[in-house]
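[1] What follows is a predicted structure for the sequence shown.
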Amino acid sequence: MDKKVSIIVPVYKGRIYLEECLESLLKQTYPHCEVVVIYVKGDKKAQEIIDKFQKDPSLLPVKIKKNEGISSTRNLGIKISSGHYVAFCDDDDFFHPQKIEKQIKVLEEPGVGLTYCDFQVVNTKSELLTDASVPEWDLNKWLKDTYIGLSTLVVEKQILEKAGLFNEELFASEDFELLLRLSTLTTFKKTKGFLASRRIHTSNHSRKTSKTLIERYKIYKKYGYTTLGLYTLFRNLFLSNTIFYLYEHPRLYETLKKIKR
């Protein structure tokens, strides 16, 4: 169990959380990691944070001239990376210490090329809002609920390259579209445990709800899932905004959870 894992971190609007993110990645119990952090030249805040970790040999800072979009940035990170496996972490999310170690054990099982895990949802203060327990892999179930978060997965780089990396023409749901292609190339398997944290805040890219859901519907249609795409479009137009509202009003959220019990 000594294959390197490259963790790709694009720095964007969440850079105010970047220090917590990088600290969590550089403290993984799995010893064979490199952290490829990509940021725009001249971003003084990002540079200041990255400088705090400059002595760590696992950190690979990459400066780019301008932001060409999240897919382009992630693809650059994949191409630069030297790991056998690739993981992703948005700059406002963070990993729990044993995430990579536990997921590598699953990836060593015959035929498994991608693994994902449960995650926790936290607020801007890193306070727990809820545990998000996700199902074992089932394509039909996933197409309805799209329960795999990008910051939860680790995938074999060779399979990622075979799939063609992220589609840089997409405005959103680029991870969903990539997972659709990957699902035809390898076996997905869940790693048990809440091993990553996703942060909810007002600058989340996924908050652009209408545009994001319409873009996702186009992907469903492209791959022959038009009816299912319409179902998820109308369902999520309501659910997404409601969920984000509840996450930002934890007292109301806790009250509703107690009523549900």
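    Here it is on my side, so go on. All values derive from a computational prediction rather than experimental measurement. Numbering: from 1, shown residues only.
[2] Every contact and neighbour count from this point should use C-alpha atoms.
    Noted.
[3] And what about the residue lying closest to residue 155 once chain neighbours are set aside, helix, strand or coil?
    Leaving aside its sequence neighbours, residue 155 sits nearest to residue 114 (Cα to Cα, 6 or more residues apart in numbering; 4.3 Å). Here residue 114 is strand, with the state taken from DSSP: H, G, I helix; E, B strand; the rest coil.
[4] For residue 114, give me its contacts.
    107, 153-156, 186-189 (Cα atoms under 8 Å, 6 or more residues apart in numbering).
[5] who's it bridged to?
    In this entry, residue 114 is beta-bridged to residue 155, residue 188, by DSSP bridges.
[6] Parallel or antiparallel, which strands does the helix or strand in which residue 61 is found pair with?
    Assigned by DSSP states H and E, residue 61 falls within strand 59-64. In the sheet, strand 59-64 lines up against strand 33-40 (parallel) (DSSP bridges).
[7] Quick one: mean pLDDT over the partner strand.
    Taken as a whole, strand 33-40 has a mean pLDDT of 97.
[8] what are the ranges of the helices in the stretch 51-200 of the chain?
    All helices of the stretch 51-200 of the chain, identified by DSSP state H, counting those that start in this stretch, fall at 70-80, 99-107, 139-145, 157-163, 174-182.
[9] what comes up buried for the last one?
    Think helix 174-182. 174-182 (16 or more other Cα atoms under 10 Å).
[10] Save those as CSV, and put in distance to residue 148 too.
    What follows is the buried residues of helix 174-182, written out as CSV (distance: Cα to Cα, whole Å):
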residue, distance to residue 148
174, 13
175, 9
176, 9
177, 12
178, 12
179, 9
180, 11
181, 14
182, 13
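[11] Any idea how many residues pack against the spatially closest residue to residue 216 that is not a sequence neighbour?
    Leaving aside its chain neighbours, residue 216 sits nearest to residue 173 (5.8 Å; criterion: Cα to Cα, 6+ apart). Neighbour count of residue 173, defined by other Cα atoms under 10 Å: 20.
[12] Isn't residue 173 up against residue 215?
    Yes. At 6.9 Å, residue 173 counts as touching residue 215 under the criterion of Cα atoms under 8 Å.
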